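Asks: Following is a predicted model, sequence given first.
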Amino acid sequence: MRLISLLLALLLIGFLITTQLGNSSSKNQANEIIDDENIDVQVPSSPKELQKFESDINKFVQDNADERAKKLEESLNN
């Protein structure tokens, strides 16, 4: 009985490793999405520009999150 449990555990571990290593296409798609982004944000040089910088960063983060969610949804549907 102990031998059967050991064999089942090894089979499960082998299956999980194969699944993780074989799923490299989704990792490549995620890396392509990240590499396609153009990040061009200017850090403020004076305290007056801080409010505009904060709103720009918030907009940038929200836009990227929306775009990533859209691309993820598209990749999952295909």
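Replies: Here it is on my side, so go on.
Asks: Can you read off the pLDDT for residue 24?
Replies: On pLDDT, residue 24 comes in at 58.
Asks: switch to numbering from 491
Replies: All right, first residue 491 from here; so that's residue 514.
Asks: Run through this structure and note the low-pLDDT ranges.
Replies: Counting by pLDDT under 70, the ranges of the chain that qualify are 513-532, 568.
Asks: Remind me what the lengthiest helix in the chain packs against, helices and strands.
Replies: Ranked by residue count and defined by DSSP state H, the top helix of the chain is helix 540-567. Identification of packing neighbours for helix 540-567 by 3 or more Cβ pairs under 8 Å, 6 or more residues apart in numbering; DSSP states H and E yields helix 514-526. (C-beta placed from N, C-alpha, C; glycine too.)
Asks: Please export the C-alpha coordinates of the helix or strand hosting residue 499 as CSV.
Replies: Per DSSP states H and E, residue 499 falls inside helix 492-512. Only the C-alpha atoms of helix 492-512 are listed here, as CSV (Å, rounded to 0.1, in the frame of the first residue of the first chain):
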residue,chain,number,x,y,z
ARG,A,492,2.9,2.3,0.8
LEU,A,493,4.5,1.6,-2.6
ILE,A,494,1.2,2.4,-4.4
SER,A,495,0.9,5.7,-2.5
LEU,A,496,4.5,6.6,-3.4
LEU,A,497,3.9,5.8,-7.1
LEU,A,498,0.7,7.9,-7.1
ALA,A,499,2.6,10.8,-5.5
LEU,A,500,5.4,10.6,-8.1
LEU,A,501,2.9,10.4,-10.9
LEU,A,502,1.1,13.5,-9.6
ILE,A,503,4.4,15.4,-9.2
GLY,A,504,5.5,14.3,-12.7
PHE,A,505,2.2,15.5,-14.1
LEU,A,506,2.4,18.9,-12.4
ILE,A,507,6.0,19.4,-13.6
THR,A,508,5.1,18.5,-17.1
THR,A,509,2.1,20.9,-17.0
GLN,A,510,4.2,23.8,-15.7
LEU,A,511,7.0,23.3,-18.2
GLY,A,512,4.7,22.6,-21.1
